[in-house]
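Colleague: I would like the atomic coordinates for the input below:
(3 chains)
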Amino acid sequence: MESGQSFTDLYVTVQQFYAEQMRMLDDGDFEGYASTFTPDGEFTHTPGRPAARTPAGIVRELEEFHRRFEGRRVQRRHWFNMLGVVDKGDGTIETTMYALVVTTEGERIPEIAPSCVVSDVLAYENGRLRTRSRVVGHDHVRAPDRAAAG
Amino acid sequence: MESGQSFTDLYVTVQQFYAEQMRMLDDGDFEGYASTFTPDGEFTHTPGRPAARTPAGIVRELEEFHRRFEGRRVQRRHWFNMLGVVDKGDGTIETTMYALVVTTEGERIPEIAPSCVVSDVLAYENGRLRTRSRVVGHDHVRAPDRAAAG
Amino acid sequence: MESGQSFTDLYVTVQQFYAEQMRMLDDGDFEGYASTFTPDGEFTHTPGRPAARTPAGIVRELEEFHRRFEGRRVQRRHWFNMLGVVDKGDGTIETTMYALVVTTEGERIPEIAPSCVVSDVLAYENGRLRTRSRVVGHDHVRAPDRAAAG
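Modeller: Numbering: from 1, shown residues only, chains lettered A, B, ... in the order given. All right, here's what the predicted structure looks like:
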């Protein structure tokens, strides 16, 4: 938390941060999205796929991932909700939220999938909030420990 | 922003404002919804359709638009999310958010469509937040400039 | 509202409270979820079904309700949104919000239903926010008074 910032201020700052961060991604501004990560930032968006590292690595990962949409008229929207924020007191902030991806292709009704849980570690750098790490869990992918238990 | 109001206060005020504004619309209280606009307020809810102007004009527009639901048991819910707020410092506030319309007809599973982006200009009038203009973009409608570019 | 707490603080506290409360429910932690209710708390989650009362009664109700998911690989997520908060000034807080239940079964695309309106009465107990009563209305169930009117 920045000095003088209350928990309420922090919570709202995180909400606004996510609105801006994810709009960049949905607008196809991968450079802008990657710039919201710290220089050593990590991004794991799909279970089983290795983390992309550093903003440059995140841009490459997104360019590769988005090749599937080439030549199609697709608009994606990432919805984050049910946000929990924990100030760890060591300069990092842990957040957890639900996420849905809303995908509109052409004139069709949007497909809303998958349902995810996003776990972030955030930190302030030069007075700006940044994502240090992001891990996205997908509800339709059985986690290994659950499979072992079940 | 009102005097003495922090950005955090403003952000939360906008959230509460939208919750109340859209519940009025979803409850069929068109007069109540229109009263959340300024006297010169503009509302463009569908691309290609001219803006409705003034609260009285907005009520007429909504009555006409909702004729399609007459005689049907339909409950609509407008979901706004991923809210970005910018205080312009000139007495106006620009907001951008994602929107989904959740429509339940009879016993059926809700249809969730369309996916939209809402761009508002808000202003305080007599200490109350009001919408001065609202433009709704629909993800399934290709914007003219995109069509020209693509 | 707690002494020294602004409306903005209260609104954010409620958001964080719901994120934590519903994550417990979605993680299958019925004891944790029930502990977010007051000792005399009431929970009516389905129209026509009697209210569950007290945390122990709420746990029993949830165990019974969730038997339908036994032996299936189901992950549910409760999405609350469009939150309205009213501090009644008598130690209670009334909230209203929209809710959607996102259900992922196996590898399938999530089903998003039903669309609901949740009406809560909250209160502080020993400095912690608690739900005193919760009533969930379902959009696909016609309310009796509406049936009479329509």
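Colleague: residue in chain A nearest to chain B?
Modeller: In chain A, the residue that lies nearest chain B is residue A:104 (3.8 Å; Cβ to the nearest Cβ). Backbone N, C-alpha and C define where each C-beta goes, glycine included.
Colleague: dump the residue contacts of the closest residue to that residue other than its chain neighbours.
Modeller: Distance criterion Cβ to Cβ, 6 or more residues apart in numbering or on different chains; nearest residue to residue A:104, sequence neighbours excluded, is residue B:139 at 3.8 Å. Counting by Cβ atoms under 8 Å, 6 or more residues apart in numbering or on different chains, residue B:139 touches A:75, A:77, A:104, A:110, B:114-117.
Colleague: can you tell me which two in those residues are farthest apart?
Modeller: Of all pairs drawn from those, the widest gap by Cβ to Cβ lies between A:110 and B:117 and measures 12.8 Å.
Colleague: quick one: the residue of chain A closest to chain B and residue B:140 touch, right?
Modeller: Yes. Residue A:104 lies in contact with residue B:140 (Cβ atoms under 8 Å); the separation is 5.2 Å.
Colleague: Can you get me a residue count around residue A:105?
Modeller: By the criterion of other Cβ atoms under 10 Å in any protein chain shown, residue A:105 has 16 neighbours.
Colleague: same question, residue A:35
Modeller: There are 16 residues near residue A:35, going by other Cβ under 10 Å.
Colleague: What pLDDT is listed against the nearest residue to it once chain neighbours are set aside?
Modeller: Leaving aside its sequence neighbours, residue A:35 sits nearest to residue A:55 (Cβ to Cβ, 6+ apart; 5.9 Å). Residue A:55 carries a pLDDT value of 98.
Colleague: hey, C-alpha coordinates of whichever strand or helix holds residue A:55 in PDB?
Modeller: For residue A:55, the host element (DSSP states H and E) is helix A:54-65. In PDB, the C-alpha atoms belonging to helix A:54-65 read as follows (Å, rounded to 0.1, in the frame of the first residue of the first chain):
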ATOM      1  CA  THR A  54       9.000 -10.100 -18.700                       C
ATOM      2  CA  PRO A  55       6.800  -7.700 -20.600                       C
ATOM      3  CA  ALA A  56       8.600  -8.600 -23.900                       C
ATOM      4  CA  GLY A  57       7.900 -12.300 -23.200                       C
ATOM      5  CA  ILE A  58       4.300 -11.500 -22.400                       C
ATOM      6  CA  VAL A  59       3.800  -9.700 -25.700                       C
ATOM      7  CA  ARG A  60       5.300 -12.600 -27.600                       C
ATOM      8  CA  GLU A  61       3.000 -15.100 -25.800                       C
ATOM      9  CA  LEU A  62      -0.100 -13.000 -26.600                       C
ATOM     10  CA  GLU A  63       0.800 -12.600 -30.200                       C
ATOM     11  CA  GLU A  64       1.200 -16.400 -30.500                       C
ATOM     12  CA  PHE A  65      -2.000 -17.100 -28.600                       C
END
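Colleague: So residue A:34 sits against residue A:63, correct?
Modeller: No. Counting by Cβ under 8 Å, residue A:34 stays clear of residue A:63, with 10.5 Å between them.
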